[in-house]
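A.B. asks: what's the 3D shape of this:
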Amino acid sequence: VFGYAGEGCKDGTPIGTVSLEGMTRTKPHVVLRELSMKSGVAYSDSLFTADARRLESLDLFSDIKPSCVQEGDQQNIVLQLTEIFPFIPAPAGKKTDQDGWMLGGALAYLNLFGEDIRSEIQYRTSLDPLFDNNEYAIYTSSPWLFGLPVGWNIELLRTDSYDELRNFHNASWLADLDLEWNFTQRFALLVSGAYRYMEKFGHVPEGGLGISFDTRDSPLDSRRGTYDEIMLTRVGAHDLPENFFEILTDLRG
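C.D. replies: Now for the predicted structure:
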């Protein structure tokens, strides 16, 4: 269980101050901007539970323990946070009709600069024939951009493989940027852009615009609510023979 009712905390008593303990890598504003528990707000266990769920979704902490110290007609809250080890190595693999099984490794750093920026590098290679097809990737993302509730994700991908289905050497570079502006608590504007350069074939740009509606209690470990998304994407440019629009929808429970 992530978090539990605070020791000595009384429902209905106004909050005086909120202080953080136990953090060595994460900057305080990363936690404070997620909290509904603020000075002057009446404390309740349900309010803390909602805040704990938001902090859990950051994927930076393994636990959070609140305690309260009474001071007059207010109570000061101390949050003891346990940080997750920032480096996470993991296997990376996939299977496609083009390349068959591809296996490799990945290394993620969860909290770059203490700003809740996740960065990950991956390498995958084909098994048959070994090292014949290769993929290199870098992913970087964060739920905030310059102090604004704008989530962003950057993907850089290098592919070097032979596509037997289409009979050509797929030597390409891909740069992709996705933005998610949460302009209300539930609604977000989605913007995406990508540029793919294929050696000996040319470039393929891509742009998209969409909207999402999110009622989940936690994106990381949802127990109730749904996520709905619709996205309109233009692939290619008007001067390219291969260009089209596509509409994608995504519904998650």
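
A.B. asks: what's around L145, how many residues?
C.D. replies: 13 (other C-beta atoms under 10 Å). Where C-beta positions appear, they are placed from N, C-alpha and C, glycine not excepted.

A.B. asks: Not counting sequence-adjacent ones, nearest residue to it?
C.D. replies: W152 (5.3 Å; C-beta to C-beta, 6 or more residues apart in numbering).

A.B. asks: Now name the helix or strand holding the one you found.
C.D. replies: Counting by DSSP states H and E, the secondary-structure element that holds W152 is strand 150-163.

A.B. asks: now the helix or strand following that strand, how far from the centre of its chain.
C.D. replies: Heading C-terminal from strand 150-163, the first helix or strand you meet, by DSSP H and E, is strand 168-181. The gap between the average C-alpha position of strand 168-181 and the chain average comes to 18 Å, counting by C-alpha atoms, centre = their mean, to the nearest Å.

A.B. asks: next one: stretch 89-102
C.D. replies: Mean-position distance between stretch 89-102 and its chain equals 22 Å (C-alpha atoms, centre = their mean).

A.B. asks: Give the rounded mean pLDDT of the helix or strand hosting W101.
C.D. replies: Here W101 sits within strand 100-109, counting by DSSP H and E. In this model, strand 100-109 has an average pLDDT of 93.

A.B. asks: which residue ranges form the strands in this protein?
C.D. replies: For the chain, the strands defined by DSSP state E cover 15-21, 61-71, 74-83, 87-96, 100-109, 118-127, 130-142, 150-163, 168-181, 187-198, 202-214, 227-235, 244-252.

A.B. asks: by contact count, what packs against the strand holding W101?
C.D. replies: strand 87-96, strand 118-127, strand 130-142 (3 or more C-beta pairs under 8 Å, 6 or more residues apart in numbering; DSSP states H and E).

A.B. asks: start to end distance for stretch 198-205?
C.D. replies: Using C-alpha to C-alpha, to the nearest Å, the end-to-end distance of stretch 198-205 comes to 11 Å.

A.B. asks: just to revisit the earlier point, between the strands of the chain, pick out the one with the smallest average pLDDT, please.
C.D. replies: The weakest mean pLDDT among these belongs to strand 244-252, with a mean of 70.

A.B. asks: contacting residues for Q75?
C.D. replies: G8, C9, K10, T13, P14, I15, G16, Y43, C68, V69 (C-beta atoms under 8 Å, 6 or more residues apart in numbering).

A.B. asks: buried subset of these?
C.D. replies: With neighbours counted by 16 or more other C-beta atoms under 10 Å, these contain buried members at C9, I15, G16, Y43, C68.

A.B. asks: Using JSON lines, please lay out these together with distance to L130.
C.D. replies: As requested, these are arranged in JSON lines below (distance: C-beta to C-beta, whole Å):
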{"residue": "C9", "distance to L130": "58"}
{"residue": "I15", "distance to L130": "60"}
{"residue": "G16", "distance to L130": "63"}
{"residue": "Y43", "distance to L130": "59"}
{"residue": "C68", "distance to L130": "59"}
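
A.B. asks: Run through who's touching the strand holding W101.
C.D. replies: With C-beta under 8 Å, 6+ apart as the contact definition, strand 100-109 has outside contacts at 86-96, 118-128, 133, 135.

A.B. asks: that older thread, could you check how far the residue nearest to L145 is from E135?
C.D. replies: In this structure, W152 and E135 are 22 Å apart, going by C-beta to C-beta, to the nearest Å.

A.B. asks: Likewise for K200?
C.D. replies: 19 Å.

A.B. asks: Comparing these two, which residue is more hemmed in?
C.D. replies: A side-by-side neighbour count of K200 and E135, using other C-beta under 10 Å, places E135 first with 19 against 7.

A.B. asks: now the residue lying closest to the more buried one once chain neighbours are set aside: how far from L156?
C.D. replies: Spatially, and ignoring its direct neighbours in sequence, E135 is nearest to R124 (4.6 Å; C-beta to C-beta, 6+ apart). Distance check for R124 against L156: by C-beta to C-beta, it reads 14 Å.
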